[in-house]
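Peer 1: my questions concern the predicted model and sequence given below.
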Amino acid sequence: MTKLDVPLLLHVPGLQPEFASSRMPAGVRFMSPGLPRTDASPFWVSGELPFAPAEARACLNEMISLGEQFRNTRDLVTLALQPQIDPYGGNDSVRKEMAELEHFAATGESVVSEKDPLQSEESLVAVSAIAAQKALILAWNLESRVHELAGLHDTLAKAAGSFKGLVGVDDEDLDELPGLSRTMGTLNSGAEDISRMNWRTVLSAVLRFAPADAVFVTTDERLVSALTELTEIVQPDEDLAQAGGVEGFGMCRVPAWTLLGHDSAPADRPWLGRELRFLVCHTC
């Protein structure tokens, strides 16, 4: 049998190796958001990323600074629609950028203004690259926050168990102590309640930079569920079967635009017109 070249295997939607399943095909890579210390294996770095590492870090810091001034993303829309209460003193460009970030976070699509007939195709491609890298940077940060909160939750859950033993109460006793019950419930609330970026937004950003023949690896329940609703899981193609560690993985094929919820391939995003291959695992 002729040995075939194994294509690039990219993990999605998670971007950080330490939070991925331990069961992964050999050689799987993670899309780099362009931040410092994400430029070596197991990361894969696109040559099209518009921001250098220092610029990407500065972009993240700026977005965090803007986000911390609001209790939730709806406040960004409020600010955009009510310029008279703009704390930035009528800075239209800042207000416009925040509203566009709100729209992108909710839909995974960049705000498209009325097209300038003089605007070149190259400039439109550049704008899409900037939006995609910003999405990757935000997804990376949110992923870190969710896992930090998960660790904190585990610590608090252990403390809650020790506290119940210390004061000599069990779950039935808590029903008779509503104040204590609410406190314990707060301690036991999980980090899964914290919003992470929609997987479609992350995948759309990854596709903006991924090579046309890349294969995507996922164990994410949300993404696996979406794939199985659209297509069937089959045995991996021969080139993928030759990669080590694919035991237990099946393969799906699906057009990118279909998976991302479009009625047809968007003309302004040609990278969504291709068929994607996924290696999926329910039990990893």
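Peer 2: Noted; the coordinates are in hand.

Peer 1: now Cys252: phi and psi?
Peer 2: Its backbone dihedrals place Cys252 at phi -130, psi 150, with angles given as degrees, to the nearest 10.

Peer 1: and what of Met251?
Peer 2: Here is the backbone geometry of Met251 (degrees, to the nearest 10): phi -130, psi 140.

Peer 1: the closest residue to it other than its chain neighbours: what's it in contact with?
Peer 2: Nearest non-adjacent residue to Met251, counting by Cβ to Cβ, 6 or more residues apart in numbering: Pro236, 4.4 Å away. Where C-beta positions appear, they are placed from N, C-alpha and C, glycine not excepted. If you count contacts by Cβ atoms under 8 Å, 6 or more residues apart in numbering, Pro236 has them with 246, 249-251, 279.

Peer 1: now, the residues you listed that are in helices?
Peer 2: Taking DSSP state H as the definition of helices, these contribute nothing to them.

Peer 1: hmm, Leu230 is touching Leu259, no?
Peer 2: Yes - shown here, Leu230 and Leu259 form a contact pair, counting by Cβ atoms under 8 Å, at 6.5 Å.

Peer 1: tell me who's in contact with Ile130.
Peer 2: Taking Cβ under 8 Å, 6+ apart as the definition, contacts of Ile130 comprise 50-51.

Peer 1: mind doing that once more with 6 Å?
Peer 2: Ile130 sits next to Pro50 when contact means Cβ atoms under 6 Å, 6 or more residues apart in numbering.

Peer 1: how about the helix or strand hosting Arg57: buried residues?
Peer 2: Assigned by DSSP states H and E, Arg57 falls within helix 53-67. Of all the residues in helix 53-67, those buried under the rule 16 or more other Cβ atoms under 10 Å are 53, 56, 59-60, 63, 67.

Peer 1: the residue nearest to Arg222 when sequence neighbours are not counted: what's it in contact with?
Peer 2: Nearest residue to Arg222, sequence neighbours excluded (Cβ to Cβ, 6+ apart): Trp199, at 5.5 Å. Contacts for Trp199 were tallied using Cβ under 6 Å, 6+ apart; they are 13, 222-223.

Peer 1: re earlier: can you redo the contacts of Pro236 as a markdown table with pLDDT and neighbour count?
Peer 2: Rendered in a markdown table, the data for the contacts of Pro236 read as follows (pLDDT from 0 to 100; neighbours: other Cβ atoms under 10 Å):
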| residue | pLDDT | neighbour count |
| --- | --- | --- |
| Val246 | 92 | 21 |
| Phe249 | 96 | 25 |
| Gly250 | 96 | 18 |
| Met251 | 97 | 19 |
| Leu279 | 97 | 26 |
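
Peer 1: now those as CSV including distance to Val217?
Peer 2: Written out in CSV, the entries for the contacts of Pro236 read as follows (distance: Cβ to Cβ, whole Å):
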residue, distance to Val217
Val246, 9
Phe249, 8
Gly250, 12
Met251, 10
Leu279, 5
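
Peer 1: sort out for me which of those residues are in strands.
Peer 2: If you go by DSSP state E, the contacts of Pro236 have 250-251, 279 in strands.

Peer 1: show me which of the contacts of Trp199 are buried.
Peer 2: Among those, those scoring as buried are 13, 223 (criterion: 16+ other Cβ under 10 Å).

Peer 1: about what we covered before: what about the residue nearest to Met251, distance to Pro25?
Peer 2: Counting by Cβ to Cβ, to the nearest Å, the gap between Pro236 and Pro25 amounts to 9 Å.

Peer 1: name the residue in Leu230 and Leu259 with the higher neighbour count.
Peer 2: Leu259 (24 against 12; other Cβ atoms under 10 Å).

Peer 1: residues contacting the more buried one?
Peer 2: Leu259 is in contact with no residue at all, counting by Cβ under 6 Å, 6+ apart.

Peer 1: show me the contact partners of stretch 5-24.
Peer 2: Residues from elsewhere that reach stretch 5-24, judged by Cβ under 6 Å, 6+ apart: 25, 27-31, 42, 140, 143, 147, 199, 202-203, 206, 210-211, 213-220, 239, 243, 284.

Peer 1: same thing but at 7 Å, please
Peer 2: When contacts are taken as Cβ atoms under 7 Å, 6 or more residues apart in numbering, the neighbours of stretch 5-24 outside the stretch itself are 25, 27-31, 33, 42, 44, 136, 139-140, 143, 147, 199, 202-203, 206, 210-211, 213-220, 223, 239-240, 242-243, 245, 248, 281, 284.
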